[in-house]
Structure formats: C-alpha cells, structure tokens
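> pasting the sequence and the predicted model now:
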Amino acid sequence: MTDKAALRLQARGLRSAFVADLDPMAHRLAFRALPTPLRVMLDDANTVALYVPKDDEAPALRLAEALVASGKRLCLPRVIDRIGTMDFRAWMPGDPLDEGRFGTRHPAEGAEALHPDAIIAPLIAFDAAMTRLGQGGGYYDRAFARYEQALRIGLAWSVQQMDDLPVDPWDLPLHAVLTERSFIESDREPAA
C-alpha cells in the first residue's frame, strides 16, 4: 500500500467509529448553519457546489438551505467517466437525484451545467496546511484544477484532521475546512 492508501484506510476507520459514537442529536444538528467566517468567505461566490454524501461523509446537503437563503445558486457534481471527469449541474433542495457511478447521486443529465465559484468538497482527511486527502480517484483534483479560481472548502468531521499528509504535485490546498466543531482557514489568500 502507498502512504496515501494506508492513510485512507486509517482515516476511514476513525471517521466511521466517530460517526457511530456521535450523539444522535449532535449528528442531526451538525452542519446546519453557515458560520460567519464561511459566510464572509462566500460573499463574492454566486454558485456553490455541494455534494451528496456517501456512507459517513460529512452531510454537505444540510448547508443548502442556508446557502440558498444567502442568495447562492447551488450545484452538485456529476461523474462523467472513470478517468476522473465530472461536471457540476444545477440543483435545489427538493430536486430529484439520479443514481450515478460508484454509488453516487447527482442531478439529471438535463440539469443546467454550472461553473462553481466555490466548491465544498468531501474528504477522507486534512491537515493544518489545508492538504486534502480524497478517495483517490482524482475527481476533485481535476475539478479544482479546472476551476482554479473557485474557493476550495473541505467539509469533514473533526476526527478527520491529521498531523501531516503527503502532497503530490497536483494536490491543490484547500482555502478552508468546516467541521462540526470549527471553521479552519488557510493562511494563504484565496485567488482573486
């Protein structure tokens, strides 16, 4: 196993145990509101990409109502192929979702294609340098590169923070991470 593969396995186990032991009320309340620093960070973003969580990933769709109330358009990723390509399609709370590849769900193919100004992404682990460890398929790495001016915001349970993660040349750091406990911003200025 590569270092990243071993870290993914370890981080998934920690996340799964954390979510299983989380108080049900704390789970229901997590990620329901936009903390003020995140709201400020998103001020200039018109279109925000969320994701449909799988398994015990942080529940990104809970942020939808608050984002819509603050005037944002929403979109969700749609996996196009096995080589790491995805696009983003318009979505609003209540819109139906189609079954996608790898157990994902996404807006219908006919939904309007959008270009996000901010991408709220799932992750397996993150560190203080805002390094994101994903599933390993490169989908978000490619999306971050394609929309390099978009804010990159990770969504995670606090247990997913690690001391130090390996970085590959194609890994773009996050601008911030929101957990159920805190909002952690990067020291770097977001791209203009």
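Here it is on my side, so go on.
> per-residue confidence for the residue nearest the centre of the chain?
Nearest to the mean C-alpha position of the chain, by Cα atoms, centre = their mean, lies residue 121 at 1.4 Å. pLDDT, residue 121: 97.
> do residue 55 as well
88.
> residues touching it, list them.
residue 16 (Cβ atoms under 8 Å, 6 or more residues apart in numbering). Every residue, glycine included, has its C-beta placed from N, CA and C.
> gap between it and residue 20?
11 Å (Cβ to Cβ, to the nearest Å).
> now do the buried residues in stretch 166-186.
Using 16 or more other Cβ atoms under 10 Å as the test for burial, stretch 166-186 gives 172, 173, 174, 175, 176, 177, 178, 179, 180, 183, 184.
> my error: substitute stretch 11-22 in the last question.
Those would be 11, 12, 14, 15, 19, 22, for stretch 11-22 by 16+ other Cβ under 10 Å.
> how about low-confidence regions in this protein?
Along the chain, the model assigns pLDDT under 70 to residues 1-2, 84, 188-192.
> re earlier: distance of the residue nearest to the centre of the chain relative to residue 89?
For residue 121 relative to residue 89 (Cβ to Cβ), the value is 16 Å.
> same deal with residue 25?
For residue 25 relative to residue 89 (Cβ to Cβ), the value is 33 Å.
> of the two, which one has the most company?
residue 89 (22 against 8; other Cβ atoms under 10 Å).
> before we move on, the earlier item: for the buried residues of stretch 166-186, give me TSV that also has distance to residue 33 and secondary structure.
Formatted as TSV, those follow (distance: Cβ to Cβ, whole Å; DSSP: H, G, I helix; E, B strand; the rest coil):
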residue	distance to residue 33	secondary structure
172	27	coil
173	25	coil
174	20	coil
175	19	coil
176	15	strand
177	16	strand
178	10	strand
179	13	coil
180	11	coil
183	11	strand
184	16	strand
